[in-house]
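A.B. asks: What follows is a predicted protein model with its sequence.
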Amino acid sequence: MINFKEELNNEQFEAVTKGDGPVLVLAGAGSGKTRTLTYRVAYLVEQGVDPENILLVTFTNKASSEMLERVEKILNRYPRGIWGGTFHRIGNRLLRKYATLLGYKNNFTILDREDSMVLLKQCYDELANKNEKSNYFPKAKIIHNLIGFARNRGMDLRDLMGKSYDYLSSQEIDLAQSISEYYARKKKDSNAMDFDDLLINWLKLLTGHSKVREKFQEQFKYILVDEYQDTNVIQDKIINILAVKNKNILVVGDDSQSIYSFRAAEISNILDFPQNFPKTKIHKLETNYRSTPEILELANQSILNNENKYPKNLKSIKSENKKPLFVVGRDNREQAKFISQEISRLIDQGESPQEIAVLFRSAFQALELELELNREGIPYTMRGGIKFFEQKHIKDIVSYLKVLSNFKDETAWRRVLMLHEGIGLQTAGKIFSQIKNFNILEDAIKLLEFKGSEKINNSLKNVLSIFKELVEIKEDVIQSSVKIILKNGYNLYLKTNFENFLERADDLNQMGAFSENYKSVDDFLSEVALTEAFKNNRNQSNVVQVEDGEKDKIILSTIHQAKGLEWNTVFVIGLVDGQFPHRKVYEKHSEIEEERRLFYVAVTRAKDKLYLTYPMVSSRSEDMNEVSTFIEELDESLFEKKGRNEESFDDLPVIEYE
DNA sequence: TTAAGCTTTCTTTTT
DNA sequence: GAAAGCTTAA
């Protein structure tokens, strides 16, 4: 039996044990949000609730697996059958079963951002060339963004553009709308869904099909949602529909940590929650268990600069400690050197590496640091930047698999075709329009006829003969496919195009090995689209780590990826104006505030030691950097300043926290 | 129509 | 400093 009374404070205890009905937990950073959620799950299971009846939605897959691990620890067993994961992952799981109700097949492919961009660009080029438009008509990338943003806000594209692009003619707005519709049709014809579709179609499934709706309203007797401040209207609607029957809905969040408005997150979802669910019990968690008073003070002072916020009074219970350090280095290299030395020192003193994290606004800021850590032999895990499955060579091979699994996938077909000599954009399009006439791959292999130049015909023959081999594989489909594709020219392609072709070929073999964990190609392909595994995460034997294997390694992470996590020691690097806050955000006040919340998230990840670092000089251009607003606006008594002297560049004595 | 070669851009965050 | 965009030769 778990002693909940002892493990939790009063507010947490109330939320965990009397959490039937709608509950809103407004929780400051480090106040035990995750603790509340995990203990609530454990409590429910201990009370005899079948884990199958629990839906636990988190923001990242990482957060989901960490949370379930914690539940397992509390319960001493894994809550088998629980529905846990991100909105997209759970949407995917449901749609794999019910996609036919919406006119898709269950083997639909998922288009990641790049895929969907490529498909949209195709629609854009086709329509934009046919129609009158001014030079001010937004580029494909912007249209792509607008379409996604409008959909995630449940808005009409015309309305969105009418407001922010009022200089466009109504014909141009119509053009944007037809591009959007054409794109939607192409997706449907391709039996493919983009990330937004995973949410929107999930919602459609619930609103349009009462049997399914009722089944899942019944199924999910207890619903728990983390980071509710970062949900968008579609996600909010989904939750509302699912919860309306049993009303056992617990959502947690913190408006000060809302950092996804660029993805159409709405703070109002959490603030209006009590109106949507009458008799909502509200719990405020205001005790911070994580950070020292000094760290918390800095965070609190910083967020005070935001006008748009809800007052809260977060108090630390830890005892007084050292102030955060603000460290000035000459440039990124010196900053990197300092950090790696400091990390070595901390580890020598007995700190465990996985309790140390380096956080940054953008992945490129960590470049020099990566070099330095490699030089010093400090193992690290990178979370941010290019993902393993987003690399060109991976996506090339995955396209073959996508065609194999979903013959109608236009994006995948085009990508495969264009890998071959003599086939470019135009020819690929023409060939695909022939392929469209078939229904299964086997027919296309046998019957496809295309007249082009000799070069094109040879390339096409080559493509088809590869597929001929691929369709005959019966076991270890992915691993064998990788081998066949490499053998039939892709290896040569890698060699002629990339210096690091060995590494890339190795990645592909790793992918083959990794795929053994999946029952089917479809399963594997979903995972590829939805997983967060980052590139560069290799151990000594050069094996890519897709999960786990993070023991004894420090963490490098974007702040977005760090949400919900905590470490003893945190370095926040690159506090340069224009980088953090990002310069794109200058004009818009509301976006500066979002950047500040991001800064707030970063510093509140730290339990005991917090370092803020600033390189004075840009290492590329040798220009002087401005220090970040987020430092400048702070009272200087909140931190201790170390390192270079701004006037003279003089070295100051060795820096030590203690 | 492709592919190479040159130029310009613009540097975000993520499922 | 890479990637997209544009120009030009083949």
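C.D. replies: Okay, I see it.
A.B. asks: Tell me who's in contact with A:R70.
C.D. replies: A:R70 sits next to A:T34, A:T38 when contact means CB atoms under 8 Å, 6 or more residues apart in numbering. No exception for glycine: its C-beta is placed from N, CA and C like everyone else's.
A.B. asks: Let me know the pLDDT of it.
C.D. replies: For A:R70, the model assigns a pLDDT of 92.
A.B. asks: and what of A:K188?
C.D. replies: The model's pLDDT for A:K188 equals 94.
A.B. asks: Quick check: which ranges of the stretch 1-150 of chain A have low pLDDT?
C.D. replies: A:135 (pLDDT under 70).
A.B. asks: what's the nearest residue to the residue of it found nearest DNA strand B if we skip its chain neighbours?
C.D. replies: Nearest residue of the stretch 1-150 of chain A to DNA strand B: A:H88, at 3.4 Å (CB to the nearest atom of the strand). Leaving out its chain neighbours, the residue that sits closest to A:H88 by CB to CB, 6 or more residues apart in numbering is A:L198, at 4.8 Å.
A.B. asks: Could you list every helix and strand that the helix or strand where the one you found lies packs against?
C.D. replies: Using DSSP states H and E, A:L198 falls within helix A:195-208. Identification of packing neighbours for helix A:195-208 by 3 or more CB pairs under 8 Å, 6 or more residues apart in numbering; DSSP states H and E yields helix A:87-98, strand A:109-111, helix A:140-152, helix A:210-219, helix A:233-243.
A.B. asks: neighbours around A:K163, how many?
C.D. replies: 9 (other CB atoms under 10 Å).
A.B. asks: same thing with A:K121?
C.D. replies: 19.
A.B. asks: Quickly find the element holding it.
C.D. replies: Using DSSP H and E, A:K121 falls in helix A:113-130.
A.B. asks: what does A:E132 give?
C.D. replies: Here A:E132 is assigned to no helix or strand, by DSSP H and E.
A.B. asks: Now do the buried residues in the helix or strand in which A:I179 is found.
C.D. replies: Taking DSSP H and E as the criterion, A:I179 maps to helix A:170-189. Buried positions in helix A:170-189, judged by neighbour count with 16 or more other CB atoms under 10 Å: A:E172, A:I173, A:L175, A:A176, A:I179, A:S180, A:Y182, A:Y183, A:K186, A:K187, A:K188.
A.B. asks: residue contacts, the closest residue to DNA strand B within chain A?
C.D. replies: Residue of chain A nearest DNA strand B, by CB to the nearest atom of the strand: A:G424 (2.8 Å). Applying CB under 8 Å, 6+ apart to A:G424 gives the contacts A:M418.
A.B. asks: Contact partners for A:G253?
C.D. replies: A:V25, A:L26, A:A27, A:K33, A:D226, A:E227, A:Y228, A:Q229, A:D230, A:I270 are the contacts of A:G253 under CB under 8 Å, 6+ apart.
A.B. asks: List the contacts of the residue of the stretch 1-150 of chain A closest to DNA strand B.
C.D. replies: Listed by CB under 8 Å, 6+ apart, the contact set of A:H88 reads A:F195, A:L198, A:L199, A:L530.
A.B. asks: what about it, distance to A:T109?
C.D. replies: Going from A:H88 to A:T109 by CB to CB, to the nearest Å gives 14 Å.
A.B. asks: What residues does the stretch 451-600 of chain A have near DNA strand B?
C.D. replies: A:L530, A:E532, A:T558, A:H560, A:Q561, A:H582, A:R583, A:K584, A:V585 (CB under 7 Å from any atom of the strand).
A.B. asks: Select only the buried ones of those in ChimeraX?
C.D. replies: Here is the ChimeraX command that selects the buried residues among these (16+ other CB under 10 Å):
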select /A:530,532,558,560,561,585
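A.B. asks: Now intersect the residues of the stretch 451-600 of chain A next to DNA strand B with the strands, please.
C.D. replies: Using DSSP state E, the members of those that fall in strands are A:T558.
A.B. asks: Please enumerate the helices of the stretch 251-400 of chain A.
C.D. replies: Using DSSP state H, counting those that start in this stretch, the helices found in the stretch 251-400 of chain A span residues A:268-271, A:273-276, A:293-303, A:332-348, A:367-376, A:392-405.
A.B. asks: Please name the spatially closest residue to the closest residue to DNA strand C within the stretch 201-350 of chain A (chain neighbours excluded).
C.D. replies: Closest residue of the stretch 201-350 of chain A to DNA strand C, CB to the nearest atom of the strand: A:N332 (10.2 Å). Closest residue to A:N332 apart from its sequence neighbours, by CB to CB, 6+ apart: A:E368 at 4.2 Å.
A.B. asks: Same question for A:V398.
C.D. replies: A:V528 (5.9 Å).
A.B. asks: A:Q171 and DNA strand C, how far apart?
C.D. replies: Separation of A:Q171 from DNA strand C (CB to the nearest atom of the strand, to the nearest Å) stands at 21 Å.
A.B. asks: how many neighbours does the closest residue to that residue other than its chain neighbours have?
C.D. replies: Among residues not flanking A:Q171 along the chain, A:E132 sits closest, at 6.5 Å (CB to CB, 6+ apart). A:E132 has 10 neighbours, counted by other CB under 10 Å.
A.B. asks: Check whether A:E132 really touches A:D174, as I assumed.
C.D. replies: No: look at A:E132 against A:D174 with CB atoms under 8 Å: they stay out of range, at 10.8 Å.
A.B. asks: Partner strands of the lengthiest strand in chain A and their direction?
C.D. replies: Secondary structure assigned by DSSP E gives strand A:606-615 as the longest strand of chain A. The pairing partners recorded for strand A:606-615 under DSSP bridges are strand A:325-329 (parallel), strand A:567-572 (parallel).
A.B. asks: before we move on, back to that, now do the helix holding A:K121: everything it contacts.
C.D. replies: Helix A:113-130 is contacted from outside by A:111, A:137, A:140-141, A:143-144, A:147, A:175, A:178-179, A:182-183, A:186-187, A:190, A:192, A:194-195, A:390, A:395, A:410-411, A:414-415, A:429, using CB under 8 Å, 6+ apart.
A.B. asks: among these, which ones are buried?
C.D. replies: A:111, A:137, A:140, A:143-144, A:147, A:175, A:179, A:182-183, A:186-187, A:190, A:192, A:194-195, A:390, A:395, A:410-411, A:414-415, A:429.
A.B. asks: ok, and which of these reach DNA strand B?
C.D. replies: A:F195.
A.B. asks: Can you tell me the closest non-neighbouring residue to A:N439?
C.D. replies: Leaving aside its sequence neighbours, A:N439 sits nearest to A:F407 (CB to CB, 6+ apart; 7.3 Å).
A.B. asks: Would you agree the one you found is in contact with A:D443?
C.D. replies: No: in this structure A:F407 lies outside contact range of A:D443 using CB under 8 Å: 9.3 Å.
A.B. asks: These two: which is more packed in?
C.D. replies: Per other CB under 10 Å, whichever of A:F407 and A:D443 has more neighbours is A:F407, with 22 against 13.
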